[in-house]
Structures are given as structure tokens and as C-alpha cells.
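# Just the structure for this:
(one chain, ligands or ions: 1)
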Amino acid sequence: MPATLTEENLSISGLRVSIGGSAILRGIDLSIRPQSVFCLMGRNGVGKSTTLKALTGLYPIDSGKFELQGVDITRLGSADRARAGLGYVPQGRDIFPLLTVEENLFIGLNARGWKKDPAEIDRIFTLFPIIKEFLHRKGGMLSGGQQQQLAIGRALLTKPKLLILDEPTEGIQPNIIDQIGDAIKMLRAEGKMSILLVEQYLDFCKELGDDFAILERGAVAASGEMAALSDDIVREFLTV
Ligand SMILES: Nc1ncnc2c1ncn2[C@@H]1O[C@H](COP(=O)(O)OP(=O)(O)OP(=O)(O)O)[C@@H](O)[C@H]1O
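Residues are numbered from 1 along each chain as shown. Now for the predicted structure:
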């Protein structure tokens, strides 16, 4: 299907998801601008990860529509959504502990029969030098932060139009959080993709995000440009 001209990288409209008969997402609308970093925020259990899993095709939806750069991807399976341009780094990162860093890095490409692009691989080594340095170590030997970098590198190799990160800073030491933040800034500056960041670390969102939406009980409670994220909104919807 040809892409239509659109001002959006991603649009989610009217997303409803139920799990075990309970309504978890109750009609979510989100719009992500091209070449932007969008932060999806909210307290524990409000539906952030469920939104990402519905978007990537891992959870079935009751209703709603996903458009990636004007192309309707709602009816595609997970693998075809990845092919269409969704690069997903799940919470917990899903690194295979007994495979080497190199095997982990290329597993997605190999499984899909996609070619390796040497320029892209070099770019990932530049973004995250630790991947190159530890290429022949087992994935399970890396620290949590290093695994996060590897998982982001793996997603980038698929050249996504939208890179989706679920809590990349969770349980990670500050210096690696800084490196991941720098990588996100560099990716945005390159202008090839937008980034959808689910994150509870407020300062990280404020520093990197162009726009935000806050979920509360499966619905969007507040949204706008990051500059408009006021202390009142933070107190009402984010402070625990
Ligand atoms: N597979 C599942 N089975 C049962 N309940 C689920 C499942 N996935 C999500 N839920 C429920 O849906 C709600 C939203 O969960 P979700 O993981 O999307 O929240 P979240 O905002 O990402 O929070 P967290 O920051 O804790 O990950 C929660 O009440 C959760 O218990």
C-alpha cells in the first residue's frame, strides 16, 4: 500500500484493549511527529506497556487503528509490522543469555533473511562501543545497561521508522543512562526516525522528549509539548 502524505510518524486512534475481560486501554489517541521523541508516561499499571504490545501486534485489540507514516498497519502481524518499520525494545530487553553478543545482534536480521548493512553495523558500534568490544561474550555476561544497549542496537539494525523503547533506564547505572540518552539525541538529530519512549524517569523524559502523553487508568489524562509538562501535571499524574 503506498504511503500517503502525512504530518505524522505514527498515529494511534481509538485504541481499546481488554485482557481477561477487563478493559485495560479505554480509547487511546496518540500522534507522534516525524523526527521527534515522544514520551509515554504514567504510574505503574496504567497501560503503557500494553499500548506498546498492542502497537507491535503482540496483544490483540478490541478496536482502534495504527498508521505508520500514513500506512495502515493495524491488520498486519507482528513480523510484518517490524518489516513495515516498527523497531521494538521490550521492557527486560529479551537478550538471549547463552548466545554471544554478535549472535544476539544479528538474530532478528537472520531470522528474517535480511541482509547486513556494514555501514549500519559501524554506526551501532559508534553509538555503543561496548557492543563491538564484547562481540564474542555471551549476552548473559553483560550488565543490565550493556544488555539494553545491545537490544537497542539490535532494533536499529532493522532500520526502523519508529524506535519503541519500553523503560530503557529501568535498573541501569547512571553512566549508561547518559550513554543511552546521548544515543537517543544522536538518532533524533539524524532525522531518520521518531522514537516512542515509555519511561518513568521524569528527568530523562524532560531532557529528551519533544512531546508527552500521560496515561491514567487506560486513557490519556494529559498530553502536549514537553515544555507544557507542568509541576501540577506531574503532581497529579506522576508523583507516587
Ligand atoms: N498479560 C497480562 N495479563 C493480565 N493482566 C495484564 C497483562 N498485561 C497487562 N495487564 C494488566 O494491565 C494493566 C496495565 O499494565 P501495563 O503493563 O500496560 O502497565 P504499565 O503502565 O506499563 O505499568 P508498569 O510501569 O508497571 O509496567 C495492569 O493492571 C496489568 O496488571
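
# Could you list the low-pLDDT ranges of this structure?
1-6 (pLDDT under 70).

# Pull up the residues of this protein that are close to the ligand.
Residues of the chain found near the ligand (CB under 6 Å from any ligand atom) are I19, G20, I24, G42, N44, G45, V46, G47, K48, S49, T50. C-betas here are computed from N, CA, C, even on glycine.

# these two touch, right, the fourth one and E236?
No - distance between G42 and E236: 11.3 Å, which falls outside the contact criterion (CB atoms under 8 Å).

# okay, the two: which has more neighbours?
Ranked by neighbour count (other CB atoms under 10 Å), G42 and E236 place G42 first, with 22 against 13.

# How many residues are close by the nearest residue to the more buried one once chain neighbours are set aside?
Using CB to CB, 6 or more residues apart in numbering and skipping residues adjacent in sequence, the residue nearest G42 is L215, 3.9 Å away. Using other CB under 10 Å, L215 has 26 neighbouring residues.

# now the strands: where do they sit in the chain?
10-19, 22-32, 37-41, 63-68, 71-72, 86-89, 162-166, 194-198, 211-216, 219-225 (DSSP state E).

# what sits up against the third one?
Strand 37-41 is contacted from outside by 30, 32, 48, 51-52, 184, 188, 194-200, 202, 205, 208-215, 226, 237-238, using CB atoms under 8 Å, 6 or more residues apart in numbering.

# Can you say which of these are buried?
For the contacts of strand 37-41, a burial check counting by 16 or more other CB atoms under 10 Å picks out 30, 32, 48, 51-52, 184, 188, 194-200, 205, 208-215, 226, 237-238.

# check contacts around the one residue sitting closest to the centre of the chain.
Nearest to the mean C-alpha position of the chain, by CA atoms, centre = their mean, lies I164 at 1.3 Å. Each residue near I164 by CB under 8 Å, 6+ apart is listed here: L52, L55, T56, L86, G87, Y88, V89, A155, I195, L196, V198.
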